[in-house]
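1. Here is my input; please provide its structure:
(one chain, ligands or ions: 1)
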Amino acid sequence: MKMVFATHNPHKLKEVTPLMPKGINLLSLTDIGCFEEIPETGTTLEENACLKALHVLETYGYPCFADDTGLLVDALNGEPGVYSARYAGPGKDADANMDKLLLRLGQNTQRTARFQTVVALSQNREQRLFFGTIEGSITQEKRGASGFGYDPIFMPFGFNRTFAELPLALKNKIGHRGKAIQKLVDYLKS
Ligand code: ITT
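-> Okay, here's the model as predicted:
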């Protein structure tokens, strides 16, 4: 069965591809020739995930799932949240986003945060949502070179390394996206 993962983010594709079951032939936006920017105009992660998945189903006719993820920092009242990608401006610059977050947190000792992922599946007339969360804390400085986005400043509870210092397979096992995708996979198999 062909299914599209509606993302422009190659790191997400790298994370999700190994989690797919054998019967699914996973296609990227590049594979289906979708190069337009899909508008993410919603005010919640749920809305944005649905917008992306529905856009592909309606425009290209493929069953599709999409992920929208946010980092929610307690001491900043849930910032950057749904605005995680463009926190420091329209350039979607991961380093600038992390610098802004670290600056706004300053020396605050209350550094708890969580990643939340919503995966929306659109196929036929059906739309379903799957959720994944990981709790952790924001480090004082960036550490590590793997992963993407805010990974260098996010340390999951129970570990003394950031997501950018931990192996991808471990991030996939304990992390927000891995958990949401696992629920999607269980649903597709059932
Ligand atoms: P698509 O919408 O094309 O999927 P995106 O990069 O815009 O890609 P999101 O809107 O879901 O993805 O993510 C918002 C931002 O949150 C993203 O730009 C990253 O900076 C960050 N982010 C998402 N998932 C992350 C992860 O697993 N680890 C670290 N940061 C992440």
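
2. same for the biggest helix by length in the chain, what does it pack against?
-> In the chain, with assignment by DSSP state H, the single longest helix is helix 45-60. Contact analysis of helix 45-60 by 3 or more CB pairs under 8 Å, 6 or more residues apart in numbering; DSSP states H and E lists strand 64-73, strand 112-123, strand 126-138 as its packing neighbours. Glycine gets a C-beta too; all of them are placed from N, C-alpha and C.

3. Out of the ones you listed, which is the most enclosed?
-> strand 64-73 (a mean of 25; mean count of other CB atoms under 10 Å).

4. contacting residues around residue 139?
-> Residues in contact with residue 139 (CB atoms under 8 Å, 6 or more residues apart in numbering) are 111, 152, 153, 154, 155, 162.

5. hmm, try it at 6 Å
-> Going by CB atoms under 6 Å, 6 or more residues apart in numbering, residue 139 touches 153, 155, 162.

6. Show me what residue of the chain gets nearest to the ligand.
-> Residue of the chain nearest the ligand, by CB to the nearest ligand atom: residue 149 (2.4 Å).

7. Model confidence score at the residue nearest to that residue when sequence neighbours are not counted, please.
-> Spatial nearest neighbour of residue 149, excluding adjacent residues (CB to CB, 6 or more residues apart in numbering): residue 94 at 5.2 Å. Residue 94 is assigned a predicted lDDT (pLDDT) of 97.
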